[in-house]
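**Q** Generate coordinates for the sequence data below:
(2 chains)
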There are 2 protein chains.
Amino acid sequence: MDIKSYIVENKDRFLDELFSLIRIPSISSQNEHKEDMVKCANRWKELILQAGADKCEVMPTEGNPVVYAERIIDAKFPTVLVYGHYDVMPTDPIDEWKTKPFEPVIKDDIIWARGADDDKGQSFMQAKAFEYLNKTNQLKCNVKFMLEGEEEIGSPSLYGFCEKNKELLKADVILVSDTSMIGADVPSITAGLRGLGYIEVKVTGPKADLHSGIYGGAVANPINILCRIISKLQDEATNKCTVTDFYKEVINLSQEERDLMAKAPFSEKDYLEVTGSPALFGEEGFSTIERTGIRPSFDVCGIWGGYTGEGAKTIIPSSAHAKISFRLVPDQDFNVITERVAKYIKQIAPSCINVEVTPLHGGYAYVSPLDLPAYQAAEKAYMRTYGKQPIPTRSGGSIPIVAGFERILGTKSILMGFGLSSDAIHSPNENYPLRQFFNGIETISYFYEEYAELMK
Amino acid sequence: MDIKSYIVENKDRFLDELFSLIRIPSISSQNEHKEDMVKCANRWKELILQAGADKCEVMPTEGNPVVYAERIIDAKFPTVLVYGHYDVMPTDPIDEWKTKPFEPVIKDDIIWARGADDDKGQSFMQAKAFEYLNKTNQLKCNVKFMLEGEEEIGSPSLYGFCEKNKELLKADVILVSDTSMIGADVPSITAGLRGLGYIEVKVTGPKADLHSGIYGGAVANPINILCRIISKLQDEATNKCTVTDFYKEVINLSQEERDLMAKAPFSEKDYLEVTGSPALFGEEGFSTIERTGIRPSFDVCGIWGGYTGEGAKTIIPSSAHAKISFRLVPDQDFNVITERVAKYIKQIAPSCINVEVTPLHGGYAYVSPLDLPAYQAAEKAYMRTYGKQPIPTRSGGSIPIVAGFERILGTKSILMGFGLSSDAIHSPNENYPLRQFFNGIETISYFYEEYAELMK
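**A** Alright, predicted model coming up:
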């Protein structure tokens, strides 16, 4: 039976199984969901054994457990290590969801739920392609699975897990479905990922909230000052980050490379429609694709301080806080950049307040060479599903652990992601079109065939 | 019986009665406390009738009811209208309270509770001075009480209430205990109050939260932009507000007047200790007392947007919000200033986001002339309690309705407040020293004597 028929025959079961994963609210950043993490890992174990793994273990780490599984067929076959994550992002602002985030529904041939794409939907495609090849006796690769529960909080335990289990995790290539493609009919492979630095800034002024009438004008207001600090981290005219040496290690692409990037399809109208932003915006001298692909960025992801309830409370708050992320490109080291940012913030902070900078997490950028056999196998696989060659792209997003795999395990990754920009990952109303889900399973199954062939 | 003995004899009852008011969580800015407002008004009615009022009514308004009471003894006597408010501020951040805000306790001869000072404790002094004069047959003034339930949200209904009840509220002077004195041994009378403008600003960018990796650097981040806007409302070098014509109507005091102000006791060390701020701060060219007394100020009272929970969420938020207050001085009209601020914000906002400015409330500044008979009566009353002349001060705080009384009723107010800067009004651990409470009752009872004498 070919893969298309297999999908048609089994699609209801595929979705039932995926939904059983989605229904477990495995939010890694919230302590109250600690038990859901274990529950989700155990559910994965059941599903992956059913899909044909010889063995599967829920392995402890310092944080949430890792689901490890394998099917070793023949030492002569190439080994593929599938990486995915079973944790998801928080759901706030919850009011903006049209359906309940952990009660998946299908509407307009789209799955609506937290994790529908990122990464339950996408990593489940890997399991189902693996199942098809097993059930039809076509698997010519050894396959290992490693599914972690901390990707959305920066994979703090997985680095140590990889260090400890180098032998176990040995593979010729790592296969990851956790990225997007340009459009439903424009296949692409993510050949580069940005790195990430993430800090929390706390500005403290008075020891308690003060009456803004009695003290207003005579003590420094932590929110006013935090806003000053943040506004100074970016030059207003050029939107460049002003932190000293922020761009020092950024690799500047040649004009040729930039010309090639400019050939990727881009519609300003579509981009504004998808994002809902009133206008394009960004670093002077670069296109939108360059701004997210080859240039670092600086975003305040959250800010809070003082009275945020109903009505008007007239206070000078004691403190103000911001969560700030920096997206980084090769060869920016997130540790170095985080240090430079912290130092700069302390430098520009006035002495009328106290400022603390806490690094939350970080990760390196990653580049996948196009002449890698696995990349070429992936290219052929997309050709078979879509009838056209996939475009190599650089994603603005970060999967810090992918750079970690290269450093620790010495293994390159191939990013076969089937998300769309409209999937609203990390946002309310996350969704994943069934077409992407089924095309993904199909393409991944071809990948194994092509890769086995190329590695013979 | 003199007032001192009367206080000693009745002090436990006074505190029991006050605590019965404090225990009702009459937070006017939160809808869930709607019923508590009515409960608190009714409790006031009982207490004020017990204190000797001829009649007392809980009168409806468009918002929370007004407690109106009177004792009319003789048309020849001067009439004093006592104004106070029975509503209180919210209690957040609740974690920082050492005791429960609505369960008053006495520790170290200090009452600890929300409203202990502002304004349940202070307005209750008025009731008890009134009671003493009634029970001892010494009252030589007609007295009216008007206690509102919306002072902390800008008295939206009281203006209309005053318009409708001009005849009922006719008085020679309005007496208010809702301000502070310089120190427990440094009596002062507030002869000026700042006005207030309060707005909410909303900056909107993308239609939903976006992934900060995929879109970071290519769409405007509403928090980054809100911080830019806020930082531009104040000049960094001078801390002056940059809004066009913000200072246009500000009355500049003569050097003589400023020299007089400079004579008020001020200790930088004490000021920093009370506020907990690392350093003094404010508008260039003015002293701390001037910055809060005769100069307008600009404070962000609250800011929020994006992810503010535990850990790291990598998003570009759809919107960011700030609550901003402007303290105003004579002759700044809050409506005009609010309009100028809104216009300026819209002018400097870049087109890559949308900005909305919503006025929340406002009030005029107020000045009380020192040659007013009631001011002189108050001066004598303080002399009798403290043995020294009270210093006339200008408070940074606003009681917008006081300026409203002058405009609508044509009646001046005298601000006999006994709060201390350490009372933490509007903050966690609000408190009111028993000494201030008892001295206040004593001084107010003298005021009635002195005022009746002066108005003969």
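
**Q** How far does stretch A:348-358 sit from its chain's centre?
**A** Distance of stretch A:348-358 from the chain centroid (C-alpha atoms, centre = their mean, to the nearest Å) equals 31 Å.

**Q** actually stretch A:297-315, not the one I typed
**A** Centroid separation between stretch A:297-315 and its chain, computed with C-alpha atoms, centre = their mean, is 27 Å.

**Q** wait, A:I24 sits on A:N42?
**A** No: counting by C-beta atoms under 8 Å, A:I24 does not reach A:N42; the two are 9.4 Å apart. No exception for glycine: its C-beta is placed from N, CA and C like everyone else's.

**Q** okay, these two: which has more neighbours?
**A** Comparing A:I24 with A:N42 by other C-beta atoms under 10 Å in any protein chain shown, the one with more neighbours is A:I24, at 23 against 14.

**Q** Would you mind measuring from the more buried one to B:E152?
**A** A:I24 sits 45 Å away from B:E152, going by C-beta to C-beta, to the nearest Å.

**Q** Kindly report the same for A:E449.
**A** Distance, A:E449 to B:E152, using C-beta to C-beta: 71 Å.

**Q** Please say which of those two ends up with more neighbours.
**A** B:E152 (23 against 19).

**Q** Name the SS class of the residue in the stretch 101-250 of chain A that chain B sits nearest to, please.
**A** Minimum separation of the stretch 101-250 of chain A from chain B (C-beta to the nearest C-beta) falls at A:K207, amounting to 2.6 Å. When classified by DSSP: H, G, I helix; E, B strand; the rest coil, A:K207 comes out as coil.

**Q** pretty sure it is touching B:P278, no?
**A** No: look at A:K207 against B:P278 with C-beta under 8 Å: they stay out of range, at 10.1 Å.

**Q** For the stretch 151-300 of chain A, just list every one of the strands.
**A** Per DSSP state E, counting those that start in this stretch, the stretch 151-300 of chain A carries strands over the ranges A:173-176, A:188-193, A:195-204, A:210-211, A:297-306.

**Q** now these in a markdown table, with mean pLDDT and distance to chain B?
**A** Shown next, in a markdown table, are those (pLDDT from 0 to 100; distance: least, C-beta to the nearest C-beta, whole Å):
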| stretch | mean pLDDT | distance to chain B |
| --- | --- | --- |
| strand A:173-176 | 98 | 15 |
| strand A:188-193 | 90 | 8 |
| strand A:195-204 | 96 | 5 |
| strand A:210-211 | 88 | 5 |
| strand A:297-306 | 96 | 3 |
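
**Q** Could I get the buried residue list for stretch A:260-280?
**A** If you call a residue buried by 16 or more other C-beta atoms under 10 Å in any protein chain shown, then stretch A:260-280 has these buried ones: A:261, A:264, A:271-272, A:274-275, A:277-278, A:280.

**Q** With stretch A:410-427 instead?
**A** For stretch A:410-427, by 16+ other C-beta under 10 Å, it's A:411-427.

**Q** Contacts for stretch A:304-311, please.
**A** Stretch A:304-311 has contacts (C-beta atoms under 8 Å, 6 or more residues apart in numbering or on different chains) with A:203, A:209, A:222-223, A:226, A:313, A:315-317, A:319-322, B:29-31, B:90, B:92, B:153, B:300-305, B:308, B:321, B:323, B:360.

**Q** circling back to that earlier point, now the two most distant members of the buried residues of stretch A:260-280.
**A** The most widely separated members of those, counting by C-beta to C-beta, are A:M261 and A:P278 (25.2 Å).

**Q** In TSV: the strands of the stretch 151-300 of chain A, plus mean neighbour count.
**A** TSV is the format used below for the strands of the stretch 151-300 of chain A (neighbours: other C-beta atoms under 10 Å in any protein chain shown):
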stretch	mean neighbour count
strand A:173-176	25
strand A:188-193	23
strand A:195-204	24
strand A:210-211	26
strand A:297-306	26
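
**Q** Can you say which of those strands is nearest to B:V367?
**A** Proximity to B:V367, assessed across the strands of the stretch 151-300 of chain A by C-beta to C-beta, is greatest for strand A:210-211 (20.0 Å).

**Q** neighbouring contacts of that closest one?
**A** Contacts of strand A:210-211 (C-beta under 8 Å, 6+ apart): A:219, A:314-316, A:318, B:275, B:397, B:425-427.

**Q** Report the strands that pair with it, each with its relative direction.
**A** As defined by DSSP bridges, the strand partners of strand A:210-211 come to strand A:315-316 (antiparallel).

**Q** Give the next helix or strand downstream of the partner strand.
**A** Later in the chain than strand A:315-316, the nearest helix or strand by DSSP states H and E is strand A:319-328.

**Q** Just the buried positions in the helix or strand just after that next one, please.
**A** Once the chain leaves strand A:319-328, the next helix or strand it forms, by DSSP H and E, is helix A:334-348. Across helix A:334-348, burial judged by 16+ other C-beta under 10 Å covers A:334, A:337-338, A:340-342, A:344-345.

**Q** same question, stretch A:233-243
**A** Of the residues in stretch A:233-243, A:233-234, A:239-241, A:243 count as buried by neighbour count, 16+ other C-beta under 10 Å.

**Q** Tell me if it is near chain B.
**A** Yes: judged by C-beta under 8 Å from any C-beta of the partner chain, stretch A:233-243 comes into contact with chain B at A:234, A:236.

**Q** Sketch out the low-pLDDT regions of chain A for me.
**A** Applying pLDDT under 70 to chain A flags no residue at all.

**Q** quick one, helices of chain A?
**A** A:3-22, A:34-50, A:120-135, A:158-164, A:222-231, A:255-261, A:268-275, A:288-293, A:334-348, A:373-386, A:400-409, A:434-454 (DSSP state H).

**Q** Packing partners of the fifth one?
**A** Using 3 or more C-beta pairs under 8 Å, 6 or more residues apart in numbering or on different chains; DSSP states H and E as the contact criterion, the elements in contact with helix A:222-231 are strand A:195-204, strand A:297-306, strand A:319-328, helix B:222-231, strand B:297-306.

**Q** which residues make contact with that helix from outside it?
**A** Here helix A:222-231 has contacts from A:201, A:203-205, A:300, A:303, A:305-306, A:316-322, A:324, A:345, A:348-350, A:352-353, A:355, B:223-224, B:226-228, B:230-232, B:234, B:236, B:298-303, B:322, using C-beta under 8 Å, 6+ apart.

**Q** what's the answer for stretch A:134-143, then?
**A** With C-beta under 8 Å, 6+ apart as the test, stretch A:134-143 has contacts from A:1, A:6, A:51-53, A:70-75, A:77-82, A:130, A:132-133, A:448-449, A:451-453.

**Q** Of the residues you listed, just the buried ones, PyMOL syntax please.
**A** Selecting the buried subset of these in PyMOL, with 16+ other C-beta under 10 Å as the burial test, is done by:
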select buried, chain A and resi 6+51+52+53+70+71+77+78+79+80+81+82+130+132+133+448+449+451+452
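
**Q** give the contact list for the residue nearest to A:A208 when sequence neighbours are not counted.
**A** Nearest in space to A:A208, with sequence neighbours left out and distances taken as C-beta to C-beta, 6 or more residues apart in numbering or on different chains, is B:S427 at 4.7 Å. Counting by C-beta under 8 Å, 6+ apart, B:S427 touches A:208-211, A:315.

**Q** Any chance of TSV for those, columns distance to A:V38?
**A** Formatted as TSV, those follow (distance: C-beta to C-beta, whole Å):
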residue	distance to A:V38
A:A208	41
A:D209	40
A:L210	46
A:H211	48
A:I315	43
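
**Q** Looking at those, which two lie furthest apart in space?
**A** A:A208 and A:H211, at 10.5 Å, using C-beta to C-beta across these.

**Q** quick one: contacts for A:R327?
**A** Going by C-beta under 8 Å, 6+ apart, the list of residues near A:R327 reads A:194-196, A:296-299, A:396, A:398, B:212-213, B:216-217.
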